[in-house]
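Peer 1: Quick check, what structure comes out for this input:
(chains A, B, C and D)
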Number of protein chains: 4
Amino acid sequence: MNKLGVHAFVWEKGWSHDECTRAIARTAEVGFDLIEVSVMDPKQVDVDFTRKQLEQHGLGATMSFGLDASTDISSNDPEKTKRGQERLEEYIYLCRDFGATHLCGILHSAFQKYAVPTTKDGVARSVETLHRVGEIAAKSNITLGLEVVNRYESNVLNTASQAVEMCKRIGLPNVRAHLDVYHMNIEESDMAQAIVDTGEYLGYFHTGDSHRGYLGSGSIDLAGAFRAIVRSGYQGPITFESFSSRVVGQPLEGILGIWRNLWEDSVDLANHALMYTKAQLKAAQEAQKQAERSRLL
Amino acid sequence: MNKLGVHAFVWEKGWSHDECTRAIARTAEVGFDLIEVSVMDPKQVDVDFTRKQLEQHGLGATMSFGLDASTDISSNDPEKTKRGQERLEEYIYLCRDFGATHLCGILHSAFQKYAVPTTKDGVARSVETLHRVGEIAAKSNITLGLEVVNRYESNVLNTASQAVEMCKRIGLPNVRAHLDVYHMNIEESDMAQAIVDTGEYLGYFHTGDSHRGYLGSGSIDLAGAFRAIVRSGYQGPITFESFSSRVVGQPLEGILGIWRNLWEDSVDLANHALMYTKAQLKAAQEAQKQAERSRLL
Amino acid sequence: MNKLGVHAFVWEKGWSHDECTRAIARTAEVGFDLIEVSVMDPKQVDVDFTRKQLEQHGLGATMSFGLDASTDISSNDPEKTKRGQERLEEYIYLCRDFGATHLCGILHSAFQKYAVPTTKDGVARSVETLHRVGEIAAKSNITLGLEVVNRYESNVLNTASQAVEMCKRIGLPNVRAHLDVYHMNIEESDMAQAIVDTGEYLGYFHTGDSHRGYLGSGSIDLAGAFRAIVRSGYQGPITFESFSSRVVGQPLEGILGIWRNLWEDSVDLANHALMYTKAQLKAAQEAQKQAERSRLL
Amino acid sequence: MNKLGVHAFVWEKGWSHDECTRAIARTAEVGFDLIEVSVMDPKQVDVDFTRKQLEQHGLGATMSFGLDASTDISSNDPEKTKRGQERLEEYIYLCRDFGATHLCGILHSAFQKYAVPTTKDGVARSVETLHRVGEIAAKSNITLGLEVVNRYESNVLNTASQAVEMCKRIGLPNVRAHLDVYHMNIEESDMAQAIVDTGEYLGYFHTGDSHRGYLGSGSIDLAGAFRAIVRSGYQGPITFESFSSRVVGQPLEGILGIWRNLWEDSVDLANHALMYTKAQLKAAQEAQKQAERSRLL
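Peer 2: Just a heads-up that it's a prediction; the model follows:
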C-alpha cells in the first residue's frame, strides 16, 4: 500500500516551530500518511521538536532538497563536489534524526538552469558521490530518491531511463529514481510507459499537475500515470506537490518561476488532492482487475 | 450544484419492498443525493412505500426506462404509438406519485437493435407524442430526459446534436437531452464538445465507463467529460450507472449484453463512484478558475 | 514492416467483376499494400478473376467474414457446428485460391447480438472446431485471426485477453488474435495495454474510429494504439475499416447499425486513412527511439 | 486554409548565404508553404538574397525572435525600453524587406528566466511599446505575434488568456497572440480550450511536442490541439518547431536547454511533421463535419 503524502510548501514556506506545528497538524487533519519536509538550509529544522510533532500526530515524514551551484557534485571543481557531499550527509543525518525515511530531490546536480550540457565526467562524479552518501544513508535505512527534473532545473537527469541507468551505476538498493509528473510531462515521450519501465528502480513519486496547481486541473493524463504506478507494482510514497506564491514567497517563487497564484486555500487544495489521489488509485487498481474478471470460460 | 445519484441496478434488480428498502438505505449510506429508480413495469413500484423510504433517508429520486417494440412511438403502427403514449403517461404519474423529478431513458423509440434506419416520419411521430406527454409531465414539474444511446440500442437519437434538435422541435422547457458517457464514447466525434454544445438543452447526465464497470476503470476520458459539464453550466443530476450480471440477471443481462461480471461488491463500487465524481468535478471547477487566476496584471 | 490495407467495404458492397475491379484498382491507386476482401457468401468471389486483378496491381489480400446463427460453432447444436466448420473450410479454400494470407473476423461464434452469455462448453466447442480448421489453414500458410468484438456482436470473445487464452487452447501458431480499435474502445479497460499484452498472439489489426467514420475523427486514442502496436513488436497487417450507408446498403447497414452517412467520398476517406496511419506509425516509432536518444552519458 | 511552415532551426542554425539557400530549398522540397526565419541579430539576414531565394522556390516567410535583458520593453529602465523598441522596429523593417508576413516570438519581454514576477507597470510599458511598433508593422501589412511561453522563458505572457488581454489593450488588428503547444503543455489548464477561447485573437501557431522532438512523439494531445484550431476558425500559419543540438549548437542549445539529441535527420523530421500535420488537420476537419452528417431526419 502506497503511503500518501503532501509537500510542506502546500502549508508553509519555512520550518520554524510555528510553521512545523501547523504544517504537521494540517497534514494529519486532512488525512495524509506523511509530510515531505523541504528546507533550503538543514539548520532550519529542530529535529527533536519535529520528531515530537510527527509522533504526536502519528505521521510519517520524508525530506527533499536540491543542491545548488556551490555544492554541485557533477561539477569539475573538487571544492564543490566536497561541499556537495557534506551537504548530502548533513541532510541524511537530519533525516535520521527526525525520522524521515526518504531523502529526495535534485541530489545529483545543482537545481538551476545550466548553460551547457553535462559531460560523461560530470555524470561519473555524481555517481561516485552518490555511491558514497548512499552507503551512509543505508546505515540509517534511508532511501535516496534521485529526482528526474525538466531541462530548466538540471542537465543531469531529465528522463526516467537516465535515472534508472544512474541507479544501476551507483548499485545500491537504497538509491532509487524519484519521478515527478510535472517534469515528466515536459521530458518523457510517454509518461505512463516511463513509469512502468522504471519498475523496481522507482523509489519516490511526486504528483501535481502541468502548471503546479490543483491536482487534475492541468493537462497531465493523471489517470494514465496512476495506472502505470499500479502496473509497475510500486508500493512507496506518493506525495502531492503544488506551489503558490501565496505560500512560498521569494526566493523560492523566483527559483521555481511561480508567476501566478494558482490557489489560495491550502486546506481546500490538500483535501482535494488526497481525495483525487485515492479515487484515481482505486480506479487504476480496478482497471487492472478487469483482466482477471474477463477470463475466457 | 449538481445532485449526485446512483442507478438502482447497482444495488438491486427489482423493486419489491425489500429491494426498495435496501437500495434506498444504501444509496443514503454511501452519501448520494438521489437514486435513479428503474423498473421494466411501472406496476412493480409501490409508490407510497417508496416515497416513505425516500423521505425517511432524505433522498431525492429520478426514474428511467425504455420503450419497447410494442410501445415504439417512432413506429408507423398507430397502435404502438398509442400504447407508447399510455406507457409514458403511466411512468409520468408514477414519478409524480413517489416524488421523482426526472423521467429519463429511451423515451423516443424502442430500446432495441433496429434493422433499418428510422425515417423522417418516424422522428416526427416521436416528436408529436413527446410533445403531448411533455405537457403532462410539466404539470407535475417533471423533466423528461431523452437519452442519446448507441446504435445498438436505438436508431432515433444517437448523438447529442440530434437530441438538441429533437428538443427544439418539441419546444417544451421540461423536455431535455439525457447524455450518457457510455453511449457518447461510441457515437460522438468529441464527447466534451458534444456536452458543451448541448448547453442549456442538457437535462440529465449518466456517468459510467466504456465497459460499464468501475468509474475510471475503462477507456473514457472522464476528466474531459467533467470539464465539459462544468463549462456547459449544467446544474442538473449526475447519476452513476454500472451493470454487473452479479445484480441484474436475466432478461436484463441479455438485453444489455452483460457477458462479464465487472464487479462483485455494490458498496465498494458505489463508494468509489461517488468519491471519483466529487474529485473530478472539483478538479474541473478548479481548471475553470485558473483562467481568472491567470489574469494579466 | 506492417503491410497497410483497406477493407473492401470502403469501396464496394459486393464482389462482382466490376466491383472487384474497381475496389482493387482504387486500393492500389491510393497506395495500400493489401485489400481485405469481405463477402457474405464465398460463392460471390470469382477466385481466378480476383487473383488476376490483384497480380495486375501487385496487391496483397486478406479475407474476413463472420459466422451466423446457423453456422455458430459455439452452439450446442451439432448441425450448426458442422455447418460452421464447413463454412470456415470453404473460406479457407477461397483464401488459398485467390491468394489471401489471412482469414479473419468472427470465426469463433455467430456475428449477432446474443441473448444469453456463452458457456464453458460453448467455448470448448469453438476451440475444437478452430483447432481443426486451423490445421487445414496451416497447410496453405493461412493465418486465422479471431476477431475480438463488442458485446453486441458476440458473446465469446470480447476482450484481447480472452482471445489470447483461446489461441493458447487452440495451440496452433497460425491461429492468432484479431484486434480492432472500434471494439476495444467499448470493451477494454486499457486499449494500449491490451495490445501490448497480446504481444506475439496478435495476428491481425483493424483501425477505424469510435463511430466507424474517418480515421482520427472519433474519440479513440489512436496515437496510443499505434504506440502499443510498435511496442508489441507486431509486424502483421494493419487494415482500415469504415462503414457508410453510402456504400454498404442493406442488409449490412442494418446488421452493423449504420444509421448515419459518416462519409460520402471513398477515395478521400481512404487517402486520408493511409496518410494518417503512416503519420501515426512513424510518430510511434520515433517515440520509442527517444529512450535510446536519452541515454545517460 | 492554413499555410503550413517549418522553423529554420530544423535546417540551419544561422542565415549565411549557404545556410539560407539550403534551408529554403529544403523547406520547398518537403512541400511546406513557408519558412519561419529566426536570427539572433537582424544583421545576419541578407534581405535581397533571402527574398530572391524565397521567390525562386515560391515560398512564403515569417520571422521570429526574442528580446533579451538589454532590450526588455517590460523593464523599468527607459534605456532598455528604448533599445527594445529599436530592436522591434529593426526586425519589422527586416520582415518588410525580405517579404515576411508575420513577426513573432517573445516580443513583449526578455527571453530569459526571470527571478521576480512582472508588475502592472511592466505590463503597461510592454503594451505601450507594442502599440507603437504595431502601428509601424501595420504600414507594411505585418502581423505581430506575441508568443505565450512557459515560466522559464518569460514572466509576462504565460497563458493564452493573458495574451488575449494584452492584444485588447494594444488594440491593433495586426497584433495577435502567438500560441505554441510546447509552452501551452506546461502552462494551460486546457490547451484545446485555450485555443478555442483565443479565437479571433489567434495570429500565429507553433506545433511541436512536449520534449521538442518529432511531432507526435511526446506527450501532447496534438489531436485535441488540431481540433481546437479548426473549431476556432483560425486560418493563419501553422509552423513546426523542433530543436536538436545536432543543428542549433551553442549558445542556443544552452538558452533553450537542449541537453539531448532528439533527432539527427532534418529531412526525415520535416517530412514527417508535414505529413502528420496534414493528417491531423484533415481528421479535425472531418470530426467537425460529423455534426452536420448526424442531423436528425
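
Peer 1: The lowest-mean-pLDDT helix or strand in chain A vs chain B: in contact?
Peer 2: Every helix and strand of chain A was ranked by mean pLDDT, DSSP states H and E. The lowest is helix A:245-248, at a mean of 89. No - judged by Cβ under 8 Å from any Cβ of the partner chain, helix A:245-248 and chain B are separated, with a smallest distance of 10.4 Å. In this view, the C-beta of every residue, glycine as well, is placed from N, C-alpha and C.

Peer 1: Now the helix or strand following that helix: average pLDDT?
Peer 2: Per DSSP states H and E, the first helix or strand lying C-terminal to helix A:245-248 is helix A:252-256. Mean per-residue pLDDT for helix A:252-256: 92.

Peer 1: what do you get for stretch A:211-226?
Peer 2: 97.

Peer 1: start to end distance for that stretch?
Peer 2: Its start and end residues considered, stretch A:211-226 measures 18 Å (Cα to Cα, to the nearest Å).

Peer 1: What is the neighbour count of whatever residue of the stretch 1-150 of chain A ends up closest to chain B?
Peer 2: When you check the stretch 1-150 of chain A against chain B by Cβ to the nearest Cβ, the closest residue turns out to be A:Gly31, at 12.6 Å. Other residues near A:Gly31 number 13, with proximity taken as other Cβ atoms under 10 Å in any protein chain shown.

Peer 1: same deal with A:Lys52?
Peer 2: One way to gauge burial is a neighbour count; for A:Lys52, by other Cβ under 10 Å, it gives 15.

Peer 1: Indicate whether stretch A:121-136 makes contact with chain C.
Peer 2: Yes - Stretch A:121-136 lies in contact with chain C when judged by Cβ under 8 Å from any Cβ; the contacting residues are A:Gly122, A:Val123.

Peer 1: Do that stretch and chain D come into contact?
Peer 2: No - under the criterion of Cβ under 8 Å from any Cβ, chain D is not reached by stretch A:121-136; the shortest gap measures 11.4 Å.

Peer 1: buried stuff in that stretch?
Peer 2: Across stretch A:121-136, burial judged by 16 or more other Cβ atoms under 10 Å in any protein chain shown covers A:Gly122, A:Val123, A:Arg125, A:Ser126, A:Val127, A:Thr129, A:Leu130, A:Val133, A:Gly134, A:Ile136.

Peer 1: State which one residue of the stretch 51-200 of chain A is found closest to chain D.
Peer 2: A:Arg151 (3.5 Å).

Peer 1: so is that residue in a helix, a strand, or just coil?
Peer 2: coil (DSSP: H, G, I helix; E, B strand; the rest coil).

Peer 1: which residues touch it?
Peer 2: Applying Cβ atoms under 8 Å, 6 or more residues apart in numbering or on different chains to A:Arg151 gives the contacts A:Asn158, A:Ile186, A:Glu187, D:Gly257, D:Ile258, D:Trp259.

Peer 1: partners of the longest strand that chain A contains, with directions?
Peer 2: The longest strand of chain A (DSSP state E) is strand A:100-110. Strand A:100-110 has its sheet partners listed here by DSSP bridges as strand A:60-67 (parallel), strand A:143-147 (parallel).

Peer 1: all strands of chain A, in order?
Peer 2: With DSSP E, the ranges of strands along chain A come out as A:4-7, A:34-38, A:60-67, A:100-110, A:143-147, A:175-180, A:202-207, A:238-240.

Peer 1: mind checking how far the last one is from the chain centre?
Peer 2: Which is strand A:238-240. Averaged C-alpha coordinates place strand A:238-240 at 8 Å from its chain's average position (Cα atoms, centre = their mean, to the nearest Å).

Peer 1: tell me which parts of chain A are close to chain D?
Peer 2: Along chain A, the residues adjacent to chain D under the rule Cβ under 8 Å from any Cβ are A:113-118, A:151-152, A:155, A:158-159, A:184-191, A:210-211, A:213, A:217-219, A:221, A:245, A:250-251, A:253-255, A:257-260.

Peer 1: Mark which of these are buried, thanks.
Peer 2: When those are checked against 16+ other Cβ under 10 Å, the ones flagged as buried are A:113-114, A:117-118, A:151-152, A:155, A:158-159, A:184-191, A:210-211, A:213, A:217-219, A:221, A:245, A:253-255, A:257-260.

Peer 1: Let me know the average pLDDT across the longest strand of chain A.
Peer 2: Averaging pLDDT along strand A:100-110 yields 98.

Peer 1: Stretch A:126-135 now?
Peer 2: 98.

Peer 1: Please state the offset of it from the chain centre?
Peer 2: Distance of stretch A:126-135 from the chain centroid (Cα atoms, centre = their mean) equals 18 Å.

Peer 1: cool, and stretch A:99-117?
Peer 2: 10 Å.

Peer 1: quick one, what contacts A:Asp197?
Peer 2: Contacts for A:Asp197 (Cβ under 8 Å, 6+ apart) come out as A:Ala160, A:Ser161, A:Val164, C:Ala291.

Peer 1: Many thanks, we can stop here.
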